[in-house]
Every structure is written in C-alpha cells, then in structure tokens.
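Q: Following is a predicted model, sequence given first.
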Amino acid sequence: MKRLPLGRTDTMVSQLCLGSMTWGSQNDSAEAAEQIDCALEHGVNFIDTAEMYPTTPMSEATLGDTETIIGEWIARSGRRDELVLATKVTGVGKAWMYGGEDITARKIRRSVDRSLRRLQTDRIDLYQLHWPNRGSYHFRQNWTYDPAGQATASVLENMHEVLRELDAQVRAGKIIHVGLSNESSWGTAQYLSIAARENLPRVVSIQNEYNLMNRLFDLDLAELSHHEAVGLLAFSPLGAGMLSGKYTDGIVPAGSRRSLNDNLSGRYTPRSQPVCELYVALARDHGLEPAQMALAFCLSRPFMTSVIIGATTMEQLRMNLGAATVVLGDELKAEIQKIYEQNPIPM
C-alpha cells in the first residue's frame, strides 16, 4: 500500500488509516484484533484512536475502552514497532469525560499518561488535539458558526501553553509528532506561526471530516495544506456509512450506526439523502462498489495524507481496503464534479 510522509517528517503512513471508534461498543476485543491483523496484512501501518473512544454510542461506562483494546493487542502481539499510533486529547465537553475541561498543559500531562497506560506503549507517534477550546464549525456546526465572540488574546495564550507542554512531552519521549483535529485554517496557521517563532513542535496533520458530500477542506485549508505540508487525515470518508449505499431506500441494517443514531449526527437528512443516492447510483453505473468509489475519491485529493476507514464487519473492512487499488477515470471524475456543483453542501 502506498505510504506518504506525515507532514515534513520522515514518518511514513499508509494512505489508508484504520479507525477504531467502534472498538469497545459495536466491536469487542477479539473483533478489533482481527481487524488490526487484517489491516496490517494489507499494508496498513497507521491506527487512529482517541481517549474518549468508543463513540458508537459514547458513554461513561466505556470511556477509554478503545485504547485499552489496542493496548491489549500490542501487548499480546509484540508488533508495536510496526505501527504509527495516533490518539487524541479530549477537549471541553461533558463532565464525565475526564472532567470536561479545556485542553491545557495540565490536561495534556494527565491525558498523555492515561493514554500511554491504556495503550501499553512508551510513546504516541501522533498526538492530536481533538477539537479547539474556542469551538469548531465541524459536525454540522457550520450552519450557525460565529467566531465573533472569541477572545483573541486568550486563545493565543492557550495555544502557546499547549505547544509548550507538547514540546515537553516530545522532549520526554512520550509523543513524537503533533496534530490537530476539527480545526480551521486560522487556528492551524496560528499553531504553525507560534511553533516557528518559539522552536516548538510543528503541526504535521489535521484530522477533519471529508467526503463526497462534505468538502469544506477544499478551499482555505487545502491552500494551507499545500503551502505548509499539513496533510489531511480524513475521517468519515463514507459519511458515517451513507456513501456505501447500505441505507438506500431508507433501509436501516441491524447493528448499523443508523440503528444507534438515526440521523447520523445530522448527516442523514431529507437534503443529504437524495444527493447520497446520486453518488451511489453513479458508482454502480460505472461497475464500482459505492464505498470504494467514495474512498478512492478521497485518496485522489492532492492534500490527502491518509483516509481513515472504519468497519464493524470484516466484509466491510476488506471492501474498504480494496479502495487502495481503485483508480477513477476522467469521465467518472467529471460526473462526480457535476453532482458536486449542483449539490455543494448537502450535509
């Protein structure tokens, strides 16, 4: 499988990254281990997780279980050195999620140590800030997003504090690289600027949602990615499963994410559903599996470092892994573009 550099570093990651947010809820430890083994056999060396996982559904009872499951696999297999392991520190939120506090130096110190213990490893290859303290336009918040109330001085002060602590963690050998998630172009640029001025860790990646129906990254963030070598790690490349075609005609398969979350966190709506059907039909007209076309599209984007795939069954995982060999022809790309221009922001 093709591998690409993580930012301006020598760390090479597979173009497909194995996501893990169902491990501990929809998937048990044995199923997670089977997925990891299969992914490695197909050339994947990149696994993404977070201290708050699993999220399908998210609950206090299962908080941190995904990292624990990965740690058990690492301890049992002895294959830690074959992985580029990414996790995230949780930001402001529900009180039962590690106190619900903002991302601060203290929070990072506590969270890094918790994650290392659960993952049963001595270092985290990519440590990401799960979302900005100041708020985010991701997860359908773009419809009402208003940054006018942000206090610039305090935001920048916190960014300095966070980068200095991340630097301390790098120097201690606990983390290797630093990344962002659910960020904006301005926020990413500030982290880069502070790091350059103060010789602090440089952001190597940004993990935002990206798929055929959510292409907010295509504009300012794509420009920043190009000039600054901060590649995208795309989550939800199938729109929470919508673009696989499994919800066609309103079908809700047992055990699927829609059976747990009917509107897929605002993705499945009367506006998005018919657009999704256009992409699904287009793939089938060209003799392609809808999921593989959707993933291959993401892989074709020039700013893409890795596309995060998730699955609850081995059949789904093998289907997704197969996208690495799919090449979209010019005619198909033109038809995708036509649908996009007619339906630019359906979710």
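A: Ah, there it is.

Q: those strands in the stretch 151-300 of the chain, which residues are they?
A: 175-181, 203-209, 231-235 (DSSP state E, counting those that start in this stretch).

Q: for these, which one ends up most surrounded?
A: Greatest average neighbour count among the strands of the stretch 151-300 of the chain goes to strand 203-209 (a mean of 26), per mean count of other CB atoms under 10 Å. To be clear about C-beta, it is placed using only N, CA and C from the backbone, and glycine gets the same treatment.

Q: Please name every helix or strand in contact with that one.
A: With contacts defined as 3 or more CB pairs under 8 Å, 6 or more residues apart in numbering; DSSP states H and E, the packing partners of strand 203-209 are strand 124-129, strand 175-181, helix 185-198, helix 220-228, strand 231-235.

Q: Give me the distance between the fourth one and the centre of its chain.
A: For helix 220-228, the distance between its averaged C-alpha position and the chain's averaged C-alpha position is 18 Å (CA atoms, centre = their mean, to the nearest Å).

Q: Check which residues of it are buried.
A: 221-222, 224-225, 228 (16 or more other CB atoms under 10 Å).

Q: Could you name the helices and strands sitting against that helix?
A: Based on contacts counted as 3+ CB pairs under 8 Å, 6+ apart, the elements that helix 220-228 packs against are helix 185-198, strand 203-209, strand 231-235.

Q: Hmm, Leu18 is touching Ile309, no?
A: Yes - here Leu18 lies in contact with Ile309, judged by CB atoms under 8 Å, at a distance of 6.6 Å.

Q: Might you report the residue contacts of Gln128?
A: For Gln128, the set of contacting residues under the criterion of CB atoms under 8 Å, 6 or more residues apart in numbering consists of 50, 86-89, 178-181, 205, 207.

Q: what's around Ala36, how many residues?
A: One correction, residue 36 is Ile, not Ala. 22 (other CB atoms under 10 Å).

Q: Report the mean confidence score over stretch 235-250.
A: Stretch 235-250 shows an average pLDDT of 92 in the prediction.

Q: How about it, which residues are buried there?
A: Applying 16+ other CB under 10 Å to stretch 235-250 flags 235-247 as buried.

Q: Same check on stretch 144-161?
A: Counting neighbours by 16+ other CB under 10 Å, one finds that the buried residues in stretch 144-161 are 155, 158-159.

Q: now stretch 37-51
A: For stretch 37-51, the buried set under the neighbour-count rule, 16+ other CB under 10 Å, comprises 38-40, 42, 44-51.

Q: Can you tell me which of these is nearest Gly71?
A: Using CB to CB, Thr49 is the member of the buried residues of stretch 37-51 that sits closest to Gly71, with 10.0 Å.

Q: Now for that closest one: which residues touch it?
A: The neighbours of Thr49, taking CB under 8 Å, 6+ apart as the test, are 20-21, 66-67, 70, 85-88, 119.

Q: Fine by me, thanks again.
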